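K.L.:
coords please:
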Amino acid sequence: MMPRTMTQIFDDIFSHTRNFERIHNPFLPDAINNETENGHEIQISVPGVKQEEISVELDASKNELIIELDTDSTFVSKFKRVYRIPQSIDLDSVQVNVELGVVTITMERKAEATRKKLL
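P.N.:
Just a heads-up that it's a prediction; the model follows:
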């Protein structure tokens, strides 16, 4: 057996802890946050989770979107993710759709102030 370098030893020790969040919460759904032409869209993959086990709340005082899953499934227990909403988003435009194991949240930008000649 060849002697191992310190780098190899550290890689072996820490390779399982590189993603600290996944170790403490094995169910960390994939999320995609895209800027669209009209605003933002967040998609979170939650296969097998029922709509009634999903909570999406808007905290307008903090400009935050809070997404929580609470299920009795063997593989999934609890999950919480908080997104900071940009000031440019119209909070009244936030919409949530759950379809085929994907939570889609769409947010539109505020209407730009138009310039008009007054005199």
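K.L.:
Give me the neighbour count for V46.
P.N.:
V46 has 22 neighbours, counted by other C-beta atoms under 10 Å. The way it works is simple: take the backbone N, C-alpha and C, and place the C-beta from them, glycine included.
K.L.:
going forward, begin numbering at 44 instead of 1
P.N.:
Happy to do that; since the first residue is 44 now, the last one works out to V89.
K.L.:
how about it, phi and psi?
P.N.:
phi -130, psi 60 (degrees, to the nearest 10).
K.L.:
Next, count neighbours for the closest residue to it other than its chain neighbours.
P.N.:
Using C-beta to C-beta, 6 or more residues apart in numbering and skipping residues adjacent in sequence, the residue nearest V89 is P72, 5.3 Å away. Counted with other C-beta under 10 Å, the neighbours of P72 add up to 18.
K.L.:
quick check, L112 in a strand?
P.N.:
Yes. With DSSP: H, G, I helix; E, B strand; the rest coil as the criterion, L112 is part of a strand.
K.L.:
so the closest residue in space to it that isn't next to it in sequence is in which element?
P.N.:
Excluding the flanking residues, the one nearest L112 by C-beta to C-beta, 6+ apart is F122, at 4.2 Å. Element membership for F122, per DSSP states H and E: strand 121-127.
K.L.:
Whichever helix or strand comes after that strand - what's its average pLDDT?
P.N.:
Sequence order places strand 138-142 as the next helix or strand after strand 121-127, per DSSP H and E. Strand 138-142 shows an average pLDDT of 94 in the prediction.
K.L.:
partner strands of strand 138-142, parallel or antiparallel?
P.N.:
Applying DSSP bridges, strand 138-142 is found paired with strand 145-151 (antiparallel).
K.L.:
buried ones in the strand it pairs with?
P.N.:
V146, I148, T149, M150, E151 (16 or more other C-beta atoms under 10 Å).
K.L.:
Kindly report the same for stretch 93-110.
P.N.:
E96, I97, V99, L101, L108, I110.
K.L.:
how deep is the residue lying closest to L108 once chain neighbours are set aside tucked in, by neighbour count?
P.N.:
Distance criterion C-beta to C-beta, 6+ apart; nearest residue to L108, sequence neighbours excluded, is Y126 at 4.4 Å. Number of residues near Y126 (other C-beta under 10 Å) recorded here: 16.
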